[in-house]
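Colleague: take this sequence and fold it.
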Amino acid sequence: MRVSHPIAAKIIALIQQEGMPVGTHLGAQKLADRLQVSRSPVNEALKVLLESGVVTRAENRGYFLAVDLSASAFDAALMEQLSGRDVLEQVYFDIADDLLRGELPLLCTESLLRARYKLTGAQLQILLARIANEGWATRTPGYGWAFSAMITTPDSLLQSYRLRLALEPAALLEPGFSISQAVIDRCRAAEMHLLEGGIETDTADQLHDRGVRFHESLIEASGNPFFIETIQRVNKVRRLLSYRSMRNRVRYLEHCEQHLEILALLERGENEQASNALRRHLQSTLKNLGNIRTLLSARNAQEADQA
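Modeller: Residues are numbered from 1 along each chain as shown. Predicted coordinates:
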């Protein structure tokens, strides 16, 4: 097992619930529909399951179940790792926190990381694999790792949001844009969950992933693969900052209302108005980046915004 991933655990639970036999084809879109998430986290989860040996992948055919998950021999420890209920989850947040406060150098050796966070070699490899997969660390020659400076510098942060502001509203105006009622309903249900108490009770991971799923669902509906590939990359690197927003969750009320407005416009086929609403939504985030820019300049961020 290489990476903690809650969606992978949900896929396993679905496989067990339906008694899927070895060899079952695991289509990403079908799984996404069943789990009420976008395809992006499902594709990432399938890669996790591939690395853990739970599934196999055939070129041009997709993923297939490789083990009998109904067997009692299935490793419960693997499920625990996939669900993210392990000590590595807290260390993951600690690393992000230390980077943003400037207490962890951007260039680190594995021995430094192991000693600082009191990890075994195996735990460290699992943790670094997750971070590398999310795009904010890369291996250097030897046993070193380089954390991305992109998202810890104020200019790069502003540039990442300006990129989203340029691309996301335009995606809603693509000629091939088509969003299903099922996707709209799923996104609306996620926003209502937050308004009904989830803002206070959801974890940092859940809040971040909710925002990512909303925006990526809209971009996927554009039918333009270049839009979604670019936005996915931006969303990966901005994860490092998003956890700071958990200390002030009041803005999520506004975010939810803005998301619901966009969904209502799309539901009525008013794409131009929805594009304008999405632009206003992202601009409201940019208005708050002045404080974040000042804090990041001092490498002592107190808060980061998440659209």
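
Colleague: remind me which residues of this protein are low pLDDT?
Modeller: 1-5, 52-53, 70-87, 122, 150-157, 205, 237-248, 288-307 (pLDDT under 70).

Colleague: all the strands of it, in order from the start?
Modeller: Using DSSP state E, the strands of the chain run over 25-26, 55-58, 62-65, 107-109, 137-140, 144-147.

Colleague: now mean neighbour count and distance to residue 168 too, for the ones you listed, in a markdown table please.
Modeller: For glycine as for every other residue, the C-beta is placed from the backbone atoms N, C-alpha and C. A markdown table is the format used below for these (neighbours: other CB atoms under 10 Å; distance: least, CB to CB, whole Å):
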| stretch | mean neighbour count | distance to residue 168 |
| --- | --- | --- |
| strand 25-26 | 17 | 30 |
| strand 55-58 | 16 | 31 |
| strand 62-65 | 18 | 28 |
| strand 107-109 | 15 | 33 |
| strand 137-140 | 15 | 26 |
| strand 144-147 | 18 | 27 |
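
Colleague: and those strands as JSON lines, adding distance to residue 167?
Modeller: Shown next, in JSON lines, are the strands of the chain (distance: least, CB to CB, whole Å):
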{"stretch": "strand 25-26", "distance to residue 167": "30"}
{"stretch": "strand 55-58", "distance to residue 167": "30"}
{"stretch": "strand 62-65", "distance to residue 167": "28"}
{"stretch": "strand 107-109", "distance to residue 167": "31"}
{"stretch": "strand 137-140", "distance to residue 167": "24"}
{"stretch": "strand 144-147", "distance to residue 167": "26"}
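
Colleague: can you tell me which of the ones you listed is nearest to residue 19?
Modeller: Of all those, strand 62-65 sits nearest to residue 19, with 11.0 Å by CB to CB.

Colleague: keeping just the C-alphas, turn that closest one into PDB.
Modeller: Extracted C-alpha coordinates of strand 62-65, given in PDB (Å, rounded to 0.1, in the frame of the first residue of the first chain):
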ATOM      1  CA  GLY A  62      -9.300  -0.100 -17.600                       C
ATOM      2  CA  TYR A  63      -9.200  -1.600 -14.200                       C
ATOM      3  CA  PHE A  64     -10.300  -5.000 -13.000                       C
ATOM      4  CA  LEU A  65     -10.800  -6.600  -9.500                       C
END
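
Colleague: mind giving me the packing neighbours of that strand?
Modeller: The helices and strands touching strand 62-65, judged by 3 or more CB pairs under 8 Å, 6 or more residues apart in numbering; DSSP states H and E, are strand 25-26, helix 39-52, strand 55-58.

Colleague: deepest of those, which one?
Modeller: Across those, averaging neighbours per residue (mean count of other CB atoms under 10 Å) puts helix 39-52 on top, at a mean of 21.

Colleague: between the strands of the chain, which one is closest to residue 100.
Modeller: Per CB to CB, nearest to residue 100 of the strands of the chain: strand 144-147, 10.6 Å.

Colleague: who are the packing partners of the closest one?
Modeller: So strand 144-147, by 3+ CB pairs under 8 Å, 6+ apart, packs with strand 107-109, helix 110-117, strand 137-140.

Colleague: next, format those as a markdown table and append distance to residue 125.
Modeller: Output for these, formatted as a markdown table (distance: least, CB to CB, whole Å):
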| stretch | distance to residue 125 |
| --- | --- |
| strand 107-109 | 14 |
| helix 110-117 | 9 |
| strand 137-140 | 11 |
